[in-house]
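Student: sequence plus the predicted model coming up.
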Amino acid sequence: MDASQANAIKSRAPFRPSRALRSALRERGKSVGSITYFYSSKNSKDILFSTELEFACGVLLEADEGVKSYEVDAGLITRQLEELGYVGEMPDAVVARWGSRRQFLEIRRSKSAQPISARSSREQRRVAADAVGADWDTFDDSCMEAKARIFHDWIHVAAVLDQTRLEVEARWDFLSKKLCLACSRPTTLGGLQSLGLESWDVVFAAVFRLVQQAVLSTDLDISPLSPATKIRLRGALHAK
């Protein structure tokens, strides 16, 4: 992705939340000082975040190639977990992962030290989560700092996925087959661009939709986004 594309993505107008939305977030105990939203291609919908840390967590869940989908809406989480018979404290996010247990995430600011009572409470949450076949984990500032580079890479990726989703959907059958064939041997983003299958932003978005569906994989966990980013075939095609 060149500098002009990156700057265009960063200039996207911010979401202006309504008074009703702010009121609803306050009722759920959420801060409303900085509401952010973006289109989640993993969930096929726009998602709202009431803090910067929640937004960072959401972007990194989009980037995580082991995550199938996730939910951050408190009302939907409560209904889903009550149906499972869950009786513990409600998490801030529920994450479905490819081929592994469900994950319950608590999103909170880091603290230098935790009192014994807080550690005990966290253990109770882990036990309650385990009772319904889930793992309880925490996402905090240190998680964000450890993955800052991937976060910034995926800010760009998520925006392209949003801006091209209709074009990708219209050409999905053609693009998914061509890209899987092209990646039957490991290649790079630059190599895929050189094929000239469609306009590059549409091909780029299709590549990362296949990554999110666990069909393709990348080396973004160890290297920054660039034409040299490695792409390889990972597994069978999942439903769109």
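Tutor: Structure's in. What do you need?

Student: quick one: Ala182 and Leu195 touch, right?
Tutor: Yes: under the criterion of CB atoms under 8 Å, Ala182 makes contact with Leu195 at 6.2 Å. Bear in mind the C-beta positions are built from the backbone N, C-alpha and C, glycine included.

Student: between those two, which one's more packed in?
Tutor: Each of Ala182 and Leu195 had its neighbours counted (other CB atoms under 10 Å), and the higher figure belongs to Ala182 (18 against 12).

Student: any idea of the pLDDT on that one?
Tutor: At Ala182, the pLDDT value in this model is 96.

Student: ok, now which ones touch it?
Tutor: Shown in contact with Ala182 (CB atoms under 8 Å, 6 or more residues apart in numbering): Gly191, Leu192, Leu195.

Student: pick the one among those closest to Pro227.
Tutor: Of all the contacts of Ala182, the one sitting nearest Pro227 is Gly191; the distance, using CB to CB, is 8.4 Å.

Student: tell me who's in contact with Phe104.
Tutor: Taking CB under 8 Å, 6+ apart as the contact definition, Phe104 lies against Pro91, Ala93, Val94, Val95, Arg125, Ala129, Ala134, Asp135, Trp136, Asp137.

Student: which element is it on?
Tutor: strand 102-107 (DSSP states H and E).

Student: so what's Ser142 closest to, chain neighbours aside?
Tutor: Leaving aside its chain neighbours, Ser142 sits nearest to Ser110 (5.5 Å; criterion: CB to CB, 6 or more residues apart in numbering).

Student: I'd like the contacts of Phe104 laid out as JSON lines, including neighbour count and distance to Tyr37.
Tutor: As requested, the contacts of Phe104 are exported to JSON lines (neighbours: other CB atoms under 10 Å; distance: CB to CB, whole Å):
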{"residue": "Pro91", "neighbour count": "24", "distance to Tyr37": "20"}
{"residue": "Ala93", "neighbour count": "21", "distance to Tyr37": "15"}
{"residue": "Val94", "neighbour count": "23", "distance to Tyr37": "19"}
{"residue": "Val95", "neighbour count": "25", "distance to Tyr37": "19"}
{"residue": "Arg125", "neighbour count": "18", "distance to Tyr37": "28"}
{"residue": "Ala129", "neighbour count": "23", "distance to Tyr37": "28"}
{"residue": "Ala134", "neighbour count": "21", "distance to Tyr37": "26"}
{"residue": "Asp135", "neighbour count": "15", "distance to Tyr37": "27"}
{"residue": "Trp136", "neighbour count": "20", "distance to Tyr37": "26"}
{"residue": "Asp137", "neighbour count": "16", "distance to Tyr37": "24"}
